[in-house]
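Participant: predicted model, plus sequence, below.
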Amino acid sequence: MKNDILSLSEYAYLAEISIVIFVSVFLGALYRILRPGAREAYEAMASMPLDDQNPVEPLPRTAHE
C-alpha cells in the first residue's frame, strides 16, 4: 500500500533522499565513535566529572533556567 502511494506521488524521490541522508549521518556517527584516536578523547571526557586536579567550572545559569 505504501509503495502504491509513493509510486503515484510526484515526490517519491524524497523518500530515497531521506534514506540516503539518514544512512550517511548514521555512518558518520559510527566513524566518529569508532575511529582509531577516539578512545583517548572519550576516556578523557568520561573522567572529567571525577577529576579533582583540574575541576571544570559550571556554566553560568541564564535567566530562563
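Facilitator: Done, it's in.
Participant: measure the most centrally placed residue in the chain to A38 for me?
Facilitator: With distances taken as C-alpha atoms, centre = their mean, A29 lies nearest the centre of the chain, 5.7 Å away. Using C-beta to C-beta, to the nearest Å, we find A29 at a distance of 11 Å from A38. Where you see a C-beta, it was placed from the backbone N, CA and C, and this is true even at glycine.
Participant: ok, back up a step: gap between the strand or helix carrying the residue nearest to the centre of the chain and the chain center?
Facilitator: Remark: A29 resides in helix 13-34, with elements defined by DSSP states H and E. Remark: helix 13-34 is offset 10 Å from the chain centroid, using C-alpha atoms, centre = their mean, to the nearest Å.
Participant: right, and the helix or strand after it?
Facilitator: On the C-terminal side of helix 13-34, the closest following helix or strand by DSSP H and E is helix 38-46.
Participant: next, count neighbours for Q53.
Facilitator: Counted with other C-beta atoms under 10 Å, residues neighbouring Q53 total 4.
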